[in-house]
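>>> pasted the sequence and its predicted model underneath.
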Protein chains: 2
Amino acid sequence: MQGTVGELGEFGLIRELTARLPPHAAVDLGPGDDAAVVRAADGRVVATTDVLLEGRHFRRDWSTAYDVGRKSAAQNLADIAAMGAVPTALLLGLVVPADLPATWATELMDGLRDECKVAGAAVVGGDVVRGDTVTVAITALGDLQGRRPVTRSGARPGDVVAVTGWLGWSAAGYTVLSRGFRSPRAFVEAHRRPEPPYHAGPAAADLGATAMIDVSDGLVADLGHVAAASGVDIDLHAADFDIPAQMADIGQAVGVDPLVWVLSGGEDHAIVACFPAEAALPARWRVVGRVSAVRPGRTAAVTVDGAPWDRAGGWDHFSG
Amino acid sequence: MQGTVGELGEFGLIRELTARLPPHAAVDLGPGDDAAVVRAADGRVVATTDVLLEGRHFRRDWSTAYDVGRKSAAQNLADIAAMGAVPTALLLGLVVPADLPATWATELMDGLRDECKVAGAAVVGGDVVRGDTVTVAITALGDLQGRRPVTRSGARPGDVVAVTGWLGWSAAGYTVLSRGFRSPRAFVEAHRRPEPPYHAGPAAADLGATAMIDVSDGLVADLGHVAAASGVDIDLHAADFDIPAQMADIGQAVGVDPLVWVLSGGEDHAIVACFPAEAALPARWRVVGRVSAVRPGRTAAVTVDGAPWDRAGGWDHFSG
């Protein structure tokens, strides 16, 4: 396909985008009507939305359209998984400048479609409009399959804190890219295309998780939301994190303590959950901390080895 | 509240926005977690998404933030109704410049909330990010309550075409505003704040509607989607439309045939449906046309009194 989205026109672009979407068992009615119809056998639907802007959440010179699609789908589908639900569907609101190559939009859709496939979901609808800034607005839906939703507010003193998935890889990749390097590839690719452990969300619910969140802003920052919502303190044990040798090497090369990437880096969409201490956790979960009662006269807090963690803490989308 | 959204910060703004949202019976879990949980008793969920950009879909000098909220909710909730479903929930993706007054964002939320209330739905979640252009990305969800979804593709030769809701009022208001006037108020307000007949969507399904769509791009243009998807011709009868005297007057004053507003004007979100000829339609439905087989050797088409309608036909978001 040649040309720009402006040359293709609104309806031509919609045709090209929807032509890339296969049928899916959970989708009664896909794109092309006023709305899609998606199965929700549980009798409830889980829903989340995120907006990604060019220049803020992705750069076209750092990531391909395909990778932006994978990544923007991943961050929404991970939110569904972190409730204990199985992702079912995704909707796309897309703002494109008229001079954007049409292939950028179709490759974005390929990425959305393929990430949905990994998570078991399907792209079911969307909207495209013309504007100055490439903007990708995603809504993801999911099915709890009879599970209670695992919120941020259920952590209890005595719980253990456990993580699964990648931690710090995307942040390490970002550091590398921002210094003009294109390698090590493993970290650069982790930044371009996170791999959330979708299966782990529903599995954690089944294992008795009391609270859960996906790590999008950084582990300490996101656990701060759990601590505040649950009214508990959380202490992480630095030595319990497994820093891969390759990450330690690149940390030394660029002068960054890799623990900063692990504890403050977001966008890997690892899943962190609190479990009763007696829960039998499979090996893919790593226990990295404990929940305790808030100290008298203090507010709920996350500490690392008993001390505040103040090195590059989290990500405020308004200040970054 | 004083100040800008930048001064309030991401989490401060989210707090202000979510504080405005009342609890709702269909919402098991509202804003504040990784995702919301909404009841979908039918076992299916209807979902649609739209993106509205400042300068393209709304102007801050023409419409208040509250009206933008009402309007952007209305256009999505109308899509849900036009499937034959009852709206249940709405999610907001909001892009705001740091210097936007915080009250603009909170009044937008008030508008979303109040329009949701009219339709029986609730705002259940969202995302706010900083960017150059005020962007409102809405996803609406709905419940079919056991009905089959009414798509665009079920119209059959012999069906009648009937409309309910307002037609041409928003377009007349737009004409007035674009010429620098602020009255007649009825049309200006119709442009700022459409009133879709939400109840009519599920009611049409119950009345046996074979195809349905909400009028967002103009009646002839939107019926063009029905004709194409159903593989039928549709002929509208101009004399069957009721042009209000006030609309005729303003048409004369600005030199526009009001039939152009009625047949080509969008954004009122009237609902148009095809019904079997024998359907007993309540008075609020006005029969304005007929469905017939596509003429041999031709493609599906919409005509007015047997002739093509080529005056200001519809709205392509890429060319407007």
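Thanks, I have the structure now.
>>> does chain B sit close to stretch A:257-266?
No: counting by CB under 8 Å from any CB of the partner chain, chain B is not contacted by stretch A:257-266; separation bottoms out at 13.5 Å. Where C-beta positions appear, they are placed from N, C-alpha and C, glycine not excepted.
>>> for the record, mean pLDDT for that stretch?
Taken as a whole, stretch A:257-266 has an average pLDDT of 94.
>>> alpha carbons of the helix or strand containing residue A:118, in PDB - could you do that?
When elements are assigned from DSSP states H and E, residue A:118 belongs to helix A:102-119. Listed in PDB are the C-alpha atoms of helix A:102-119, where the atom choice follows Å, rounded to 0.1, in the frame of the first residue of the first chain:
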ATOM      1  CA  ALA A 102      -1.100   4.800   5.400                       C
ATOM      2  CA  THR A 103       1.300   1.900   6.200                       C
ATOM      3  CA  TRP A 104       2.000   3.400   9.600                       C
ATOM      4  CA  ALA A 105      -1.700   3.100  10.500                       C
ATOM      5  CA  THR A 106      -2.000  -0.400   9.000                       C
ATOM      6  CA  GLU A 107       1.100  -1.600  10.800                       C
ATOM      7  CA  LEU A 108      -0.200  -0.200  14.000                       C
ATOM      8  CA  MET A 109      -3.300  -2.200  13.500                       C
ATOM      9  CA  ASP A 110      -1.200  -5.300  12.800                       C
ATOM     10  CA  GLY A 111       0.600  -4.700  16.200                       C
ATOM     11  CA  LEU A 112      -2.700  -4.300  18.000                       C
ATOM     12  CA  ARG A 113      -4.100  -7.400  16.500                       C
ATOM     13  CA  ASP A 114      -1.000  -9.500  17.200                       C
ATOM     14  CA  GLU A 115      -0.800  -8.400  20.900                       C
ATOM     15  CA  CYS A 116      -4.500  -9.100  21.300                       C
ATOM     16  CA  LYS A 117      -3.900 -12.500  19.900                       C
ATOM     17  CA  VAL A 118      -1.200 -13.200  22.600                       C
ATOM     18  CA  ALA A 119      -3.600 -12.200  25.300                       C
END
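>>> ok now the next helix-or-strand element following it, how far from the chain's centre?
With elements assigned by DSSP H and E, the helix or strand that comes after helix A:102-119 is strand A:122-130. On the basis of CA atoms, centre = their mean, to the nearest Å, strand A:122-130 sits 20 Å off its chain's mean C-alpha point.
>>> strand partners of the helix or strand that strand A:122-130 is followed by, parallel vs antiparallel please.
Scanning the chain past strand A:122-130 towards its C-terminal end, the next helix or strand to appear is strand A:135-143 (assignment: DSSP H and E). Applying DSSP bridges to the sheet, strand A:135-143 is found paired with strand A:44-53 (antiparallel), strand A:86-96 (antiparallel).
>>> got those strands as CSV, with mean neighbour count and mean pLDDT columns?
Converted to CSV, the strands paired with strand A:135-143 look like this (neighbours: other CB atoms under 10 Å in any protein chain shown; pLDDT from 0 to 100):
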stretch, mean neighbour count, mean pLDDT
strand A:44-53, 27, 97
strand A:86-96, 28, 97
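>>> who's in contact with the residue of the stretch 101-250 of chain A found nearest chain B?
Shortest the stretch 101-250 of chain A-to-chain B distance, computed as CB to the nearest CB: residue-wise this is residue A:137, at 3.5 Å. Contact analysis of residue A:137 by CB atoms under 8 Å, 6 or more residues apart in numbering or on different chains lists A:49-52, A:92-95, B:49, B:51, B:93, B:135, B:137.
>>> what bridges to it?
Taking DSSP bridges, one finds residue A:51, residue A:93 as the beta-bridge partners of residue A:137.
>>> pLDDT score assigned to it?
Confidence at residue A:137, expressed as pLDDT, is 98.
>>> repeat for residue A:1
71.
>>> what do you get for residue A:8?
Residue-level confidence at residue A:8 comes out at 93, pLDDT.
>>> name the SS class of it, please.
Secondary structure for residue A:8, judged by DSSP: H, G, I helix; E, B strand; the rest coil, is helix.
>>> you'd agree it is up against residue A:103?
No: with contact taken as CB atoms under 8 Å, residue A:8 and residue A:103 are classed as non-touching, separated by 10.3 Å.
>>> could you find the closest non-adjacent residue to residue A:207?
Here the nearest residue to residue A:207 in space, its sequence neighbours aside, is residue A:279; by CB to CB, 6 or more residues apart in numbering or on different chains that works out to 5.6 Å.
>>> can you list the domains in chain A?
Each structural domain of chain A that the record assigns through automatic domain parsing is listed here as a residue range: A:5-143, A:160-308.
>>> in what helix or strand does the spatially most central residue of chain A lie?
In chain A, the C-alpha nearest the mean C-alpha coordinate belongs to residue A:75, at 2.8 Å (CA atoms, centre = their mean). Assigned by DSSP H and E, residue A:75 belongs to helix A:65-81.
>>> and that helix, how far out from the chain's middle?
6 Å.
>>> export it as CSV, just CAs?
What follows is the C-alpha trace of helix A:65-81 in CSV, where atoms were taken according to Å, rounded to 0.1, in the frame of the first residue of the first chain:
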residue,chain,number,x,y,z
ALA,A,65,4.2,1.5,14.1
TYR,A,66,3.9,-2.2,14.7
ASP,A,67,5.7,-1.9,18.0
VAL,A,68,3.6,1.1,19.1
GLY,A,69,0.6,-1.1,18.4
ARG,A,70,1.9,-4.0,20.4
LYS,A,71,2.9,-1.7,23.3
SER,A,72,-0.3,0.3,23.4
ALA,A,73,-2.4,-2.9,23.3
ALA,A,74,-0.2,-4.5,26.0
GLN,A,75,-0.5,-1.7,28.5
ASN,A,76,-4.3,-1.9,28.4
LEU,A,77,-4.6,-5.7,28.2
ALA,A,78,-2.2,-5.8,31.3
ASP,A,79,-4.7,-3.6,33.2
ILE,A,80,-7.4,-6.2,32.5
ALA,A,81,-5.2,-9.1,33.5
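>>> helices or strands up against that helix?
Of the remaining helices and strands, those touching helix A:65-81 by 3 or more CB pairs under 8 Å, 6 or more residues apart in numbering or on different chains; DSSP states H and E are strand A:44-53, strand A:86-96, helix A:102-119, strand A:135-143, helix A:185-192, helix A:200-206, strand A:211-214.
>>> can you tell me which of these comes nearest to residue A:163?
Across the helices and strands packed on helix A:65-81, the minimum distance to residue A:163, taken as CB to CB, is reached by helix A:200-206, at 9.4 Å.
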